[in-house]
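1. any chance you could fold what I've pasted below:
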Amino acid sequence: MNDAGRLTRDGWLLFATRCLRMFGYGLLSVVLVLYLIAVGFKDWEIGLLLTLSLVGDTVISLGLTTIADRLGRRRTLIVGAVLMALAGVAFVSTGNLFLLIVAATIGVISPTGNEIGPFLSIEQASLTHVVSDERRTDVFAWYNLVGSFSTAFGALTGGLIAQASEHFGLSGAAAFRPVFLVYAVIGVALMGGFALLSAAVETTKDKLNTPPRGVLGLHESRRTVFKLSLLFALDAFGGGFVIQSIIAYWFQVRYQLEPAMLGTIFLFSNLLAGVSALAAGWLARRIGLVNTMVFTHLPSNVLLILVPLMPDVYWAVGVLLLRSSISQMDVPTRQAYTMAVVRPDERSAAAGFTAVARSVGASISPLVATIFVGTAGLMSVPFFLAGGLKIVYDVLLYRAFSGSQSRDEEK
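-> The predicted structure is shown next:
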């Protein structure tokens, strides 16, 4: 988006690839655990695969984002799209646990319905260079909105494809494989989209004419980024207990909901989350980025704890949707704050480092969460752990940064 408030051609392409990618992530988020159950895997095996997929995405993201400026941003994004396509092909081709773990670890598979891999960090850094400081939160809000909408329709489509497959004679694990085929096709389409980006998205030499770089491209802002990363990792660790795949599994176990119904629930959940993000920029201009992050996140975590305490499925879904209506308002403000407190030449590294920290935090908890959900009497524990840990994160974040100013606010 330029000074006139319009997106450039590259900006539109980045928004389009974001939509396509998040649609693919939404496809898998509803059916992934259900597919693995249909294949015959045990709860701990499913948890292991989910955890290793997030660990693998973390390693790949760290490796690619730290070399993106040297390799080229377009090339790095294309590599990520290739890995995404290959992972989809692997899940279509085999039900072998070892091969699927390898595919999930090396490829790009999203069990959370959220961003993984190197895409987000590179796109954030690119968008930051072409928007004004005062418009950054709004641009990120729209960026998250289109992503949430795409995830929502992907979740609905994934559930409908799995349900429709049964009417075409497919049953068990075979009913879910068409979803993975679509995911692979999306990876191929992303390769084409990223290839159309112009050289304007690349980091130019004058942007790299900065003081010597420290750890992973961070120097002056290193301490701030490390502190933020630890807090973001705690938040993601809590969130890992209630990733979209696990919530879908919980509703299926507790209320025996069909895939199409699960897809519908997450359609509205993601739509509400996306719309709420639009209010983040308006609110941040009035109470500040940190206050917006904390004061919208705290009540959403209380609602998360209440979901399993509801008397029936209607109340549980209602509270989940109410939580979704405010749970994502911290996302564009968190992204904007991270970009605002670091030097321009550190933005790619800061985005990558904090994204990796979140991936590391989120990679541990699904292994435990799937075991809890599959165990009678413990299936609601993931909601309590997630909500409690996220509340601790909110308190620590407020104490650490409520009195600090971003570089933009200091101007």
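
2. quick one: Ala350 and Arg222 touch, right?
-> No: counting by CB atoms under 8 Å, Ala350 stays clear of Arg222, with 9.3 Å between them. Bear in mind the C-beta positions are built from the backbone N, C-alpha and C, glycine included.

3. more neighbours, those two?
-> Ala350 (26 against 19; other CB atoms under 10 Å).

4. could I get the pLDDT score of the more buried one?
-> On the pLDDT scale, Ala350 is placed at 78.

5. skipping adjacent residues, who's closest to it in space?
-> Val342 (4.4 Å; CB to CB, 6 or more residues apart in numbering).

6. and that neighbour, that one's in a helix?
-> No: secondary structure of Val342 (DSSP: H, G, I helix; E, B strand; the rest coil): coil, not part of a helix.

7. I'd say it and Arg223 touch.
-> No: taking contacts as CB under 8 Å, Val342 lies outside contact range of Arg223: 10.8 Å.

8. the two: which is more packed in?
-> Neighbour count, other CB under 10 Å: between Val342 and Arg223, Val342 has more, with 27 against 9.

9. phi, psi for that one please.
-> phi -120, psi 160 (degrees, to the nearest 10).

10. quick check: the residue in the chain sticking out farthest from the centre vs Ala175, distance?
-> No residue in the chain sits farther from the centre than Gly169, which is 33.7 Å out by CA atoms, centre = their mean. According to CB to CB, to the nearest Å, Gly169 and Ala175 sit 9 Å apart.

11. same thing with Ala336?
-> Taken as CB to CB, the span from Ala336 to Ala175 is 42 Å.

12. and Ile371, how far from Val381?
-> Ile371 is 10 Å from Val381, by CB to CB.

13. between Ala336 and Ala175, who's got more neighbours?
-> Per other CB under 10 Å, whichever of Ala336 and Ala175 has more neighbours is Ala336, with 28 against 23.

14. export the strand or helix carrying the more buried one to PDB, keeping only CA atoms.
-> Here Ala336, judged by DSSP states H and E, is contained in helix 330-340. Taking C-alpha atoms only, helix 330-340 is exported to PDB below (Å, rounded to 0.1, in the frame of the first residue of the first chain):
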ATOM      1  CA  ASP A 330      -3.900  -9.100  19.400                       C
ATOM      2  CA  VAL A 331      -2.400 -10.600  16.200                       C
ATOM      3  CA  PRO A 332      -2.100  -7.500  13.900                       C
ATOM      4  CA  THR A 333      -1.100  -5.400  16.900                       C
ATOM      5  CA  ARG A 334       1.600  -8.000  17.900                       C
ATOM      6  CA  GLN A 335       2.900  -8.000  14.400                       C
ATOM      7  CA  ALA A 336       2.900  -4.200  14.100                       C
ATOM      8  CA  TYR A 337       4.500  -3.800  17.500                       C
ATOM      9  CA  THR A 338       7.300  -6.200  16.600                       C
ATOM     10  CA  MET A 339       8.000  -4.300  13.400                       C
ATOM     11  CA  ALA A 340       7.800  -0.900  15.300                       C
END
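
15. next secondary structure after it?
-> helix 347-373.

16. which elements pack onto that next one?
-> If you count contacts as 3 or more CB pairs under 8 Å, 6 or more residues apart in numbering; DSSP states H and E, helix 347-373 packs onto helix 43-71, helix 119-129, helix 222-239, helix 244-255, helix 330-340, helix 381-401.

17. quick one, which of those is nearest to Gly193?
-> When the helices and strands packed on helix 347-373 are compared by CB to CB, helix 119-129 sits nearest Gly193, at 11.0 Å.

18. all helices for the stretch 151-300 of the chain, in order.
-> 177-195, 222-239, 244-255, 259-287, 289-306 (DSSP state H, counting those that start in this stretch).

19. number of residues surrounding the closest residue to Leu228 other than its chain neighbours?
-> Nearest non-adjacent residue to Leu228, counting by CB to CB, 6+ apart: Thr354, 5.9 Å away. For Thr354, the neighbour count with other CB under 10 Å is 25.

20. so Thr354 makes contact with Leu231?
-> No: Thr354 is beyond contact range of Leu231, at 9.4 Å (criterion: CB under 8 Å).

21. list the buried residues of stretch 245-262.
-> Neighbour counts over stretch 245-262 (16 or more other CB atoms under 10 Å) mark 245-252, 257, 259-262 as buried.

22. any low-confidence regions in the chain?
-> 1-7, 66, 68-69, 112-113, 128-137, 203-219, 344-345, 348, 403-411 (pLDDT under 70).

23. spatially central residue for it, please.
-> Centre-nearest of the chain using CA atoms, centre = their mean is Asn114, 2.3 Å out.

24. minimum distance to Gly11: which of the helices and strands packed on helix 347-373 has it?
-> Going by CB to CB, the one of those nearest Gly11 is helix 119-129, 6.8 Å.

25. buried ones in that closest one, by neighbour count?
-> 119-128.

26. quick one: that helix to helix 43-71, angle?
-> 40 degrees (axes from the mean of the first three to the mean of the last three CA atoms, to 10 degrees).

27. what is helix 119-129 packed up against?
-> Using 3+ CB pairs under 8 Å, 6+ apart, helix 119-129 sits against helix 9-39, helix 43-71, helix 73-93, helix 136-167, helix 330-340, helix 347-373.

28. distance from the longest one to the middle of the chain?
-> For helix 136-167, the separation from the chain centroid amounts to 12 Å (computed by CA atoms, centre = their mean, to the nearest Å).

29. show me what it is packed against.
-> helix 9-39, helix 119-129, helix 177-195, helix 259-287, helix 330-340.

30. most tightly packed of these?
-> helix 330-340 (a mean of 26; mean count of other CB atoms under 10 Å).

31. what's that helix packed up against?
-> If contacts are counted by 3+ CB pairs under 8 Å, 6+ apart, helix 330-340 sits against helix 119-129, helix 136-167, helix 222-239, helix 259-287, helix 289-306, helix 347-373, helix 407-410.
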